[in-house]
Structures are given as C-alpha cells and as structure tokens.
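Asker: here's my sequence, what's the structure:
(one chain, ligands or ions: 3)
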Amino acid sequence: MKVINFAETNSVINQYVAEIRDVNIQGDRMRFRRNIERIGELMAYEMSKELTYSVKQVQTPLGVAPVSTPDDDVVIATVFRAGLPLHQGFLNVFDRAGNAFVSAYRYYKDKECRELDVHIEYIATPDLTQKTLMLVDPMLATGESMELAYRAFLSKGRPARLLIACVIASRQGVEHLQRLFPEDDVTLWCAAIDPELNERSYIVPGLGDAGDLAYGDKL
Ligand SMILES: O=P(O)(O)OC[C@H]1O[C@H](OP(=O)(O)OP(=O)(O)O)[C@H](O)[C@@H]1O
Ligand SMILES: O=c1cc[nH]c(=O)[nH]1
Ligand SMILES: [Mg+2]
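Answerer: Ligands and ions are numbered 1, 2, ... in the order given. You can find the predicted model right below:
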C-alpha cells in the first residue's frame, strides 16, 4: 500500500486539522463537521489526479472545446457515524458518484475498555463491480473498522480500484492496512499519522471521539 500523508506538505489542510484537534475549537460542532468536510473536499481534489482521464469534445455556444475528464465510475463509501462529514466533502467534489454506507461501531468487551470488538450491522451500497471505490473514514485507529467495512463492501461486488482516505491515522492503523494490502495498487491518503493508541484504542494525540464531536454524546 502506498501512503500519502498531507501533514508532510504545507497546505491549508493543516489549518483545518489544527482546528479539529484543538480542544478550544473542536467543541463548535458545526465548525468541526465543516472542517472535516473541507478536508474531504481537498483530499478528493488531490485524489482526482489519480483517476483515468480521456479527452471529450464539449460543444460550447461558440465552438468545440477538448476537455480531459475522468472516466472512473466512482463510489464513495463510508462508515457511520463519524464518516458522514468526510463523505459529504467527497460528494461535493465527485457529485455524480455512487454512495455506499456501513454501520460499524467499536464495542468494548470488558468493563476496563481494554478489549475492543467492531460490529457491522447495516450495509447499503450499489453494485461495486468494476467501480473505483473511495473508502473514507476520518479516524484510522486500530484499522479494524476499515478492514471490516472493506470486507462487507466486497460482498457487494469487486471494485476495479480501491482508494482509502482518512483524516487522522495511527501508526498502528497504517501498519494494519499495510498488512491487508501488501501491493502498491492501493493508496491511503491521510492528513496526519499519529504515533500512538491509548489503552482504549483512541489515537494519541488524535482529537478525541470524532463521532461525538460531530454529532454529540451517545449512550
Ligand atoms: O480503527 P478503529 O479502531 O476501528 O477505529 C476507527 C473507527 O472509530 C470511529 O468510529 P466509532 O467507532 O467511534 O463510531 P462513531 O462514528 O459512531 O463515533 C471512526 O469513524 C472509525 O470508524
Ligand atoms: O481516536 C479515535 C479512535 C477511534 N475513533 C475516534 O473517534 N477517535
Ligand atoms: Mg466514535
């Protein structure tokens, strides 16, 4: 798997990442969601450069203009709930894309919250056969949710290409995906890679719980 980390490049993405991490700013839920959406828009733009293009002749009122546009049949796929603002950012760019969703939640098996399981309960997707699948989820912590989501989507057709995007990844999550995708035909785009997971499998320094920050506490 190839890894592209936008934190290694100077761009305005870093400003949005700073704001979603900042404990004094992230409490503004609308700003938090919109910042993730904006990161999605910018990532989608960068990822659009990796698609397959061909020249089409476009009839203008005054003549014919050759324009190189993407030919990929894109499906944007995400994981409820935290994935929704990132998904929207991608959809703002690839506005004709298909859309796929799974619900996955991290479930602690013990009272001390040390043993984690991920449950997938709901899936809604178009046929993914021969599609360019963009799997987007803001947090890549252990990597379990991303792997299970991918496996669930595979049961609905084998895509021609897989592109993965997240906002904050942990080193461990990246290594998890590298084991899952040893070939260079899959690329992971992320806005930062953090060094650690804590004992509850949260990314450190990370930003906290992305789903709660975007949509509020849950029981
Ligand atoms: O790599 P992992 O260890 O599997 O963790 C990553 C998952 O955690 C977040 O979802 P969460 O389970 O917090 O659900 P939520 O979106 O409902 O808050 C995030 O959106 C990922 O799906
Ligand atoms: O740090 C983390 C890990 C998983 N999910 C989150 O929202 N944050
Ligand atoms: Mg969460």
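Asker: can you dump the C-alpha coordinates of stretch 20-38 into CSV?
Answerer: Extracted C-alpha coordinates of stretch 20-38, given in CSV (Å, rounded to 0.1, in the frame of the first residue of the first chain):
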residue,chain,number,x,y,z
ILE,A,20,-10.4,19.8,14.7
ARG,A,21,-7.7,18.8,17.1
ASP,A,22,-7.8,21.9,19.2
VAL,A,23,-9.8,21.4,22.4
ASN,A,24,-10.7,25.1,22.4
ILE,A,25,-12.2,25.0,18.9
GLN,A,26,-13.5,21.5,18.4
GLY,A,27,-16.4,22.0,20.7
ASP,A,28,-18.1,24.0,18.0
ARG,A,29,-19.8,21.0,16.3
MET,A,30,-20.7,22.8,13.2
ARG,A,31,-17.2,24.0,12.6
PHE,A,32,-15.9,20.5,13.4
ARG,A,33,-18.1,18.9,10.8
ARG,A,34,-17.4,21.6,8.3
ASN,A,35,-13.6,21.3,8.8
ILE,A,36,-13.8,17.6,8.2
GLU,A,37,-16.0,18.2,5.1
ARG,A,38,-13.4,20.8,3.8
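Asker: near ligand 3, which residues of this protein?
Answerer: Selection of the chain residues close to ligand 3 by Cβ under 5 Å from the ion yields 209, 211. Placement of C-beta: from N, CA and C, glycine included.
Asker: for the chain, which residues are neighbours of ligand 2?
Answerer: The chain comes close to ligand 2 at residues 82, 139, 141, 202, 203, 206, 209, 210, 211, as judged by Cβ under 6 Å from any ligand atom.
Asker: filter the residues you listed to the buried ones?
Answerer: Among the residues of the chain next to ligand 2, those buried by neighbour count (16 or more other Cβ atoms under 10 Å) are 82, 139, 141, 202, 203, 206, 210, 211.
Asker: take the residues you listed and lay them out in a markdown table including secondary structure.
Answerer: Formatted as a markdown table, those follow (DSSP: H, G, I helix; E, B strand; the rest coil):
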| residue | secondary structure |
| --- | --- |
| 82 | coil |
| 139 | strand |
| 141 | coil |
| 202 | coil |
| 203 | strand |
| 206 | coil |
| 210 | helix |
| 211 | helix |
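Asker: out of those, which comes closest to ligand 3?
Answerer: residue 211 (3.2 Å; Cβ to the ion).
Asker: state the distance from residue 49 to ligand 2.
Answerer: According to Cβ to the nearest ligand atom, to the nearest Å, residue 49 and ligand 2 sit 29 Å apart.
Asker: how many other residues sit next to that residue?
Answerer: If you count neighbours by other Cβ atoms under 10 Å, residue 49 ends up with 8.
Asker: hang on, the earlier thing: which ones among the buried ones among the residues of the chain next to ligand 2 also lie next to ligand 1?
Answerer: Within those, those near ligand 1 by Cβ under 6 Å from any ligand atom are 82, 139, 141, 210, 211.
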